[in-house]
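**Q** need coordinates for the following:
(one chain, ligands or ions: 2)
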Amino acid sequence: MSRRTDKGGMEMGGMGMTDETSFRGPVRRRTRGLAVLALCVSLLVAVFVAGCDDSGRYRLAWSFSDGPVVDAADCSSRGVGLVQITVFRSGGGEQIGSQRVRCFPPERLSMKLDPGTYDLQVEGIRFDGRSFLDPDTGGHLVMTWVRGVEVRSGETTDTQVQLFRPAKCLDGVDNDQDGLIDDMDPGCWKRDDKGDIQFDDQGRHMADPTHDDEQEPVR
Ligand SMILES: [Ca+2]
Ligand SMILES: [Ca+2]
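**A** Ligands and ions are numbered 1, 2, ... in the order given. The predicted model follows:
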């Protein structure tokens, strides 16, 4: 027997209990119990995983061959927007990972690594994501290596690298602020001893991307 109470609950015959207290109450307590249990299990798993993590890190800082990087202009004036760091196991081992980060700030805390020795390939990249390439050989001109970086369990190994500054006739920057950039600037054009511009077989002026001055023509 049951009847509806003023508050909308169902009163069970003669017992003075509503359906809310008699049926929903135990279900809610059971749900709370399961939630607490799940939370405890999650905490235990997290503690276990943290306790088993024996990885370490390296922290890499960079500068350029002609000076440090103390603000964003030190990157933009050299035409370097990004730095790409590729990690290999030492001694010609497998590639572990790679990441591109902004040139400024000049410091990067790396990904987690297993304890061991690694070689880092570090390359300055243009703002548009392209490498600085030698037009003749295709070689990467702003790339260097940091070899033998030891990563120890639970520690961060600090290391530094010096990147070559891109030549001014290659850096994508209007260094002398005359409105002309790199091979469009007569300062990067090859000239003979008399000062006459040199042309290739197709009649185009010849430029030297390794020239480091947009004002003084290539000789
Ligand atoms: Ca330039
Ligand atoms: Ca210029």
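**Q** using the three-state scheme, assign the closest residue to Asp182 other than its chain neighbours.
**A** Sequence neighbours aside, Cys169 is the residue nearest to Asp182 in space, at 5.3 Å (criterion: Cβ to Cβ, 6 or more residues apart in numbering). All C-beta spots, glycine's among them, are computed from the backbone N, C-alpha and C. Counting by DSSP: H, G, I helix; E, B strand; the rest coil, the backbone at Cys169 sits in coil.
**Q** and Cys169, what's its pLDDT?
**A** We have a pLDDT of 96 for Cys169.
**Q** heads up, I number from 400, so please use that
**A** With the count now opening at 400, the last piece we talked about shows up as Cys568.
**Q** contact partners for it?
**A** By Cβ atoms under 8 Å, 6 or more residues apart in numbering, the residues touching Cys568 are 581-582, 584, 586-587, 606-613, 617.
**Q** one more time with 10 Å
**A** For Cys568, the contacting residues are 574, 580-582, 584, 586-588, 606-613, 617, by Cβ atoms under 10 Å, 6 or more residues apart in numbering.
**Q** and Cys587, backbone torsions?
**A** Torsion angles at Cys587 (phi, psi; degrees, to the nearest 10) stand at phi -100, psi 0.
**Q** surely it is in contact with Val572?
**A** No. In this structure, Cys587 is not within contact of Val572 by Cβ atoms under 10 Å, at 11.9 Å.
**Q** any common contacting residues for these two?
**A** Common neighbours of Cys587 and Val572 (Cβ under 10 Å, 6+ apart) are 580-581, 613.
**Q** between those, which is closest to Pro467?
**A** Glu613 (23.2 Å; Cβ to Cβ).
**Q** what is the neighbour count of the closest residue to the closest one other than its chain neighbours?
**A** Spatial nearest neighbour of Glu613, excluding adjacent residues (Cβ to Cβ, 6+ apart): Gly586 at 4.0 Å. Other residues near Gly586 come to 19 when the count uses other Cβ atoms under 10 Å.
**Q** ok, now Leu519?
**A** 21.
**Q** bridged to it, which residues?
**A** Per DSSP bridges, the residues bridged to Leu519 are Val486, Val545.
**Q** list the contacts of it.
**A** Counted by Cβ under 10 Å, 6+ apart, Leu519 has contacts 457, 459, 484-487, 489, 495, 509, 543-548, 558, 560.
**Q** re the thing from before, looking at Cys587 and Val572, which is more packed in?
**A** Cys587 (29 against 18).
**Q** skip the chain neighbours and tell me the closest residue to that one.
**A** Closest residue to Cys587 apart from its sequence neighbours, by Cβ to Cβ, 6+ apart: Cys568 at 3.8 Å.
**Q** and the gap between that neighbour and Glu613?
**A** Going from Cys568 to Glu613 by Cβ to Cβ, to the nearest Å gives 7 Å.
**Q** mutual contacts of these two, please.
**A** 574, 580-581, 584, 586-587.
**Q** from those, which are also near ligand 1?
**A** Filtering the shared contacts of Cys568 and Glu613 for neighbours of ligand 1 using Cβ under 5 Å from the ion leaves 574, 581.
**Q** tabulate the shared contacts of Cys568 and Glu613 in CSV, adding columns for secondary structure.
**A** Converted to CSV, these look like this (three-state DSSP):
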residue, secondary structure
Asn574, coil
Ile580, coil
Asp581, helix
Asp584, coil
Gly586, helix
Cys587, helix
